[in-house]
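Enquirer: Got a sequence here, can you model it:
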Amino acid sequence: MWGPSSQGAFAAAKSWFDVLVVVGCFGFPQSCVIGINRNEASRKWLYEIAVTYSAILFPFFAISSFFISDALTPTPLAAAFLAFGAASWVLINIWRGILLTINDGLRFHLITILPTIGLVFSVLAGLMIGADLAFRMPHLYGISGVFVLLCGFWIFPWGKIRIFSGGVRRVFDLISNGADVFVQALATVLQTFICLKWLSEYAGISEVSYFSISLTLMNALVFPLQAISPVLLNRWSKGDKKNALRTGRKLILSVAGGLFFFAGGVIFFIPHFIDALLGEEFAAASAVLKVAIFVAIPSFVLRINNLRLSAIGDFRFNSLMAVARIIVFFVFLEIFRRILKENFGAFAAAACWLGAEIIAALISEWRVFRFAKDAK
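Expert: Coordinates of the predicted model:
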């Protein structure tokens, strides 16, 4: 509706919110699954403490937003709205992890899509009243927070958890496992956040727009895996290590091969899709998308391997791998920026992202193969 500049401003604003949610979650949704399945952690206690934890996050998020991201939240009210939305999303994500160990059916899938649906409804409401998303996103995120809280309590009410009165109330294991998951998630969102900042500074806001569209494509292609990954983690963590490391290996390799041929076929139609869906203003995004679509292949392999290693408790390697990946990405990015200079832009960033993802996927594949060989 508003062209590349407004799209880029929207993407830059959203990246800060994503950082807050990842910091707040601290890997607790995943560590709750492992804690309940392997360490007999109390579901009821986790459900209750998550509410207190999210309430504590609210002032921390508000202060951080006001002072660190003042361009997005220039007023205390805007910071408060954004903070409420982020704290609400954190609570729903932790509840989602707990619910998974009880029911991985319809309720789990509903709570999974809840934050995204809340954001869509809020943005649509903003568009209907003519709000400029680049400046009103904090308020819209606050509205999405109200939506996800009300719907989240309806999907996963107190009555579903109060019957689980037993279990261990240990925090250390959750923090220890969560810290490693947190490092992985934080590295991912920081990679996006800092990359968009670099593109904004060195290439212009339109290049931010093109790269954000490519990120949308990457996320869309791996979304099916992202949607079922908690289910896989839940099931693999309940079985033995051999099962977690080897189950479905041939099928997964076939899917990765299918993604390669799919990407190779689709790239010829990308310019037509861009023109039909976004218009000629976004024509320059076509070259970026042709690179970005291949990121789905190593990303798919990497995420599957991360799930396998998490299921057997090897969180540390995943966190080290995430840190190494972001370092490699920014080394590539700096090399390209110095070589290309004024021609540096979203295409170069996408190529760097693909290179870092391939290296990380190969290393993770070696790690899983080595463990699977020794597993009994």
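Enquirer: so what's residue 32 up against?
Expert: By Cβ atoms under 8 Å, 6 or more residues apart in numbering, residue 32 lies in contact with 41, 46, 94, 97, 98, 101, 174. C-beta coordinates here come from the backbone N, C-alpha and C atoms, glycine included.
Enquirer: isn't there a helix covering the third one?
Expert: Yes: residue state for residue 94 (DSSP: H, G, I helix; E, B strand; the rest coil) corresponds to a helix.
Enquirer: Show me which residues of stretch 144-158 are buried.
Expert: 144, 145, 147, 148, 149, 151, 152, 155, 156 (16 or more other Cβ atoms under 10 Å).
Enquirer: In helices, which of the residues you listed appear?
Expert: Counting by DSSP state H, the part of the buried residues of stretch 144-158 found in helices is 144, 145, 147, 148, 149, 151, 152, 155.
Enquirer: Could you pick out which of the contacts of residue 32 are located in helices?
Expert: Reading helices off the contacts of residue 32 with DSSP H, I get 46, 94, 97, 98, 174.
Enquirer: Count the neighbours of the residue nearest to residue 340 when sequence neighbours are not counted for me.
Expert: Leaving out its chain neighbours, the residue that sits closest to residue 340 by Cβ to Cβ, 6 or more residues apart in numbering is residue 348, at 5.8 Å. Counted with other Cβ atoms under 10 Å, the neighbours of residue 348 add up to 23.
Enquirer: likewise residue 335?
Expert: Other residues near residue 335 come to 12 when the count uses other Cβ under 10 Å.
Enquirer: starting at the chain centroid, how far to the helix or strand hosting it?
Expert: Assigned by DSSP states H and E, residue 335 belongs to helix 315-340. The chain centroid and the centroid of helix 315-340 are separated by 17 Å, computed with Cα atoms, centre = their mean, to the nearest Å.
Enquirer: after that helix comes which helix or strand?
Expert: helix 346-374.
Enquirer: In that next one, which residues are buried?
Expert: 346-361, 363-364, 367-368, 371-372.
Enquirer: now stretch 317-326
Expert: Neighbour-count burial for stretch 317-326, with 16+ other Cβ under 10 Å as criterion, is recorded at 317, 318, 319, 321, 322, 325, 326.
Enquirer: Give me the contact list for it.
Expert: Contacts to stretch 317-326, defined as Cβ under 8 Å, 6+ apart, come from residues 179-181, 183-184, 187-188, 190-191, 306, 309-310, 356-357, 359-360, 363-364, 367.
Enquirer: again, only using 6 Å
Expert: By Cβ atoms under 6 Å, 6 or more residues apart in numbering, the surrounding residues in contact with stretch 317-326 are 180, 183, 184, 187, 191, 306, 309, 356, 360, 367.
Enquirer: Strands of the stretch 151-300 of the chain, start to end?
Expert: In the stretch 151-300 of the chain, no strands are defined using DSSP state E, counting those that start in this stretch.
Enquirer: elements contacting the helix or strand where residue 8 lies?
Expert: Element membership of residue 8 [criterion: DSSP H and E] is helix 4-25. If contacts are counted by 3 or more Cβ pairs under 6 Å, 6 or more residues apart in numbering; DSSP states H and E, helix 4-25 sits against helix 76-100, helix 133-155, helix 172-202, helix 205-238.
Enquirer: for the ones you listed, which one sits closest to residue 55?
Expert: helix 76-100 (7.2 Å; Cβ to Cβ).
Enquirer: Dump the helices and strands packed on helix 4-25 into CSV; add distance to residue 330 and mean pLDDT as well.
Expert: Shown next, in CSV, are these (distance: least, Cβ to Cβ, whole Å; pLDDT from 0 to 100):
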stretch, distance to residue 330, mean pLDDT
helix 76-100, 25, 93
helix 133-155, 26, 89
helix 172-202, 7, 79
helix 205-238, 15, 82
